[in-house]
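# fold the stuff below for me.
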Amino acid sequence: MKNLKTDTVIVSALAFVAFVALSPGSAFAQNVGATTMQEFYAHLTGEWTGSYALWVGHGAPSRNSDTIADGRYVSKGGYFLLSYSWEDGGEKQEGIFFMGGDHNMASATWGDSWHIQPEPMICKGVWSEDGQKLVFLGSYGAGPGVADWGWRTEFTLQGEDSFLM
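The predicted structure follows:
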């Protein structure tokens, strides 16, 4: 299992914000940047540990737990799958981020037992020119007569042995 580095990972949607810090055991250079999207995904490969903090409502204290994640190529290397788990109130939660794409555009399907279900969210992504960040935007219906909820999920390479989600 890879070791924790305390940086911040952000997944946000209106009233819900989750921070996660994950890091591996192998060394990457500071200011890591990928030259291809496949190389970017390679930086997310492996088993990770970190911290998870959930904010429910503006000004509310965070609900914290440990988190683990596993990043790996699937479908003969054509796609990348990041699965993760965390806890809220002693109850285990799980999620997956299924990603693909190349050059500067990507797409993903995201599902999480706490944040979004029963239908996964489809997201469109843009990879930064410096090769350090992949940003996904998605939305889903919040119910009849309610505006759709939007999500922004960022994966950022953070120096040596860590990334932010």
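# only C-alpha atoms for contact and neighbour calcs from this point on.
Will do.
# which intervals of the chain have sub-threshold pLDDT?
Across the chain, the ranges flagged by pLDDT under 70 are 1-32, 159-160.
# now the farthest one out in it, which residue is it?
Outermost residue of the chain with respect to the C-alpha centroid, by C-alpha atoms, centre = their mean, is Gly145; its distance is 29.4 Å.
# quick one, what contacts Ile122?
Residues counted as contacts of Ile122 (C-alpha atoms under 8 Å, 6 or more residues apart in numbering) are Ser107, Ala108, Thr109, Trp110, Gly138, Ser139.
# which residues sit in contact with the third one?
Counting by C-alpha under 8 Å, 6+ apart, Thr109 makes contact with Phe97, Phe98, Met99, Pro120, Met121, Ile122, Cys123.
# which of those residues sit farthest apart?
The distance between the two most remote of these (C-alpha to C-alpha) is 12.8 Å, for Met99 and Pro120.
# which one's more surrounded, the two?
For Met99 and Pro120, the more surrounded residue by other C-alpha atoms under 10 Å is Met99, and the numbers stand at 22 against 15.
# so the more buried one sits against Gly111, correct?
No: assessed by C-alpha atoms under 8 Å, Met99 is found out of contact with Gly111, at 12.0 Å.
# which parts of the protein are helices?
Using DSSP state H, the helices of the chain run over 37-43.
# all strands of it, in order?
Secondary structure of the chain (DSSP state E): strands at 10-13, 16-23, 46-56, 63-74, 79-88, 91-102, 105-112, 116-127, 133-140, 149-157, 163-164.
# contacting residues for the closest residue to Leu134 other than its chain neighbours?
Leaving aside its chain neighbours, Leu134 sits nearest to Trp127 (4.4 Å; criterion: C-alpha to C-alpha, 6 or more residues apart in numbering). Shown in contact with Trp127 (C-alpha under 8 Å, 6+ apart): Met37, His103, Asn104, Met105, Ala106, Lys133, Leu134, Val135.
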